[in-house]
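1. I would like to see how this sequence folds:
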Amino acid sequence: MRTTVNFDEDDEDIGKAAARLRKESRIGVSEAVNHLTCRGLLAPAERRPFVQQTHPLGLRIEVTHVADAIDVLEGPQAR
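-> Okay, here's the model as predicted:
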């Protein structure tokens with residue numbers, strides 16, 4: 001089967017990796033792309049722990065009175 005593969009112009013790493021593998025292993029483009037694809041599919045997924053990111057909103061709410069806090073959060077349109 002003949003297929004055309006276009007490498008993303010913004011990401012030269014794919015083309016470079018295929019060219020490097022072709023040179024090292026003395027194989028064709030199709031073999032290099034197949035090898036790199038299989039290697040990527042079989043590689044363990046990179047797992048990074050989830051870290052919650054917070055950002056200061058500049059809003060201070062007194063939470064002693066929950067009803068007042070809800071009123072502030074909902075804004076004037078809720079009334």
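
2. any idea where the helices of this protein begin and end?
-> Here the chain has its helices, by DSSP state H, at 12-25, 29-42, 66-74.

3. read off the pLDDT value for the most centrally placed residue in the chain.
-> Most central in the chain under CA atoms, centre = their mean is Glu46, positioned 10.8 Å from the mean C-alpha point. As summarised for this prediction, Glu46 has a pLDDT of 77.

4. surely Ile27 meets Ala19?
-> No: with contact defined as CB atoms under 8 Å, Ile27 and Ala19 do not form a contacting pair (11.2 Å). For every residue, glycine as well, the C-beta is placed using N, CA and C.

5. re the thing from before, possible to save the helices of the chain as JSON lines with distance to Met1, mean neighbour count and mean pLDDT?
-> Listed next are the helices of the chain as JSON lines, based on distance: least, CB to CB, whole Å; neighbours: other CB atoms under 10 Å; pLDDT from 0 to 100:
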{"stretch": "helix 12-25", "distance to Met1": "18", "mean neighbour count": "13", "mean pLDDT": "88"}
{"stretch": "helix 29-42", "distance to Met1": "10", "mean neighbour count": "13", "mean pLDDT": "88"}
{"stretch": "helix 66-74", "distance to Met1": "59", "mean neighbour count": "11", "mean pLDDT": "82"}
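
6. nearest to Val5, out of those helices?
-> Smallest distance to Val5 across the helices of the chain (CB to CB): 6.1 Å, for helix 29-42.

7. packing partners of that closest one?
-> If contacts are counted by 3 or more CB pairs under 8 Å, 6 or more residues apart in numbering; DSSP states H and E, helix 29-42 sits against helix 12-25.

8. chain center to the helix it packs on, what's the gap?
-> 23 Å (CA atoms, centre = their mean, to the nearest Å).

9. next one: stretch 59-77
-> Relative to its parent chain, stretch 59-77 has a centroid offset of 36 Å by CA atoms, centre = their mean.
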